[in-house]
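> Give the three-dimensional model of this entry:
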Amino acid sequence: MEEQSTEDKIKEAARKVFITKGMTGARMQEIADLANINKALLHYYYRSKEQLFHAIFDDIIQDMLPGLFSILNSRVPLEVKVYQLADKYMEFLSKRPELPLFVMNELQRHPDQLIQRLNLNKGIDFTVLKEQLEEEYQKGNIREITVEMFILNLISLLVFPFAGRILFKSIAQMEESSFAQFMELRKTEVPKFVMNALRP
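Numbering: from 1, shown residues only. This is a model prediction of the structure:
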């Protein structure tokens, strides 16, 4: 097996520290220690904590958004699309359950900066999805709903269990392994719920 590169070690360590403590609470020395390198070498690769944070944040977003946009803009039937979005999002978050809270916290602290990095300052193109919702409504298959309301309903159902997972696990007296199994069930339960809610 090829030895992990120094930069990969730095990114792996930084991701853990940033997700746990956020950009404000993270310290470069802690990241260097976790990566098992000295601080001077860390600064050789990344001149500042902000530069390293942006590299990590960009990696996270690149892991997540392209696949979701690909599904959103596809021409598969609406119900198939809902199931695909739920499966993709839940699979991604199940491997990174700390991410929703991390992203929300950082967006609260640095909204303008991170929205710009997400390239969301001009919005997202929901044209295909909007057309599909209108077509299904005209056919009498679903009730009328705006694309914004549809997206918010779906994303809320997918993201909230992870954002509130510590509280939910406590209330439900659920171990991490049981929570993971429960989230696996939601890959089908959420789209089923969404589609039933859309029926006229």
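> okay, CA-based contacts and neighbour counts for the rest of this
Will do.
> which residue packs closest to Thr188, ignoring adjacent ones?
Tyr83 (6.9 Å; C-alpha to C-alpha, 6 or more residues apart in numbering).
> And the helix or strand harbouring Pro191, what does it pack against?
Per DSSP states H and E: Pro191 is located in helix 176-198. Applying 3 or more C-alpha pairs under 8 Å, 6 or more residues apart in numbering; DSSP states H and E, one finds that helix 176-198 makes contact with helix 78-95, helix 147-163.
> Could you measure from Pro200 over to Thr146?
14 Å (C-alpha to C-alpha, to the nearest Å).
> now do Ser70
20 Å.
> what about Leu72, neighbour count?
When counting by other C-alpha atoms under 10 Å, one arrives at 21 neighbours for Leu72.
> Report pLDDT for it.
For Leu72, the pLDDT comes out at 85.
> who's in contact with it?
81, 85, 126, 128-129 (C-alpha atoms under 8 Å, 6 or more residues apart in numbering).
> same thing but at 7 Å, please
Leu129 (C-alpha atoms under 7 Å, 6 or more residues apart in numbering).
> For it, grab phi and psi.
Taking degrees, to the nearest 10, you get phi -60, psi -40 for the backbone angles of Leu72.
> next helix or strand past the helix or strand where Lys16 lies?
Element membership of Lys16, judged by DSSP H and E, is helix 6-25. For helix 6-25, the succeeding helix or strand toward the C-terminus, using DSSP H and E, is helix 28-35.
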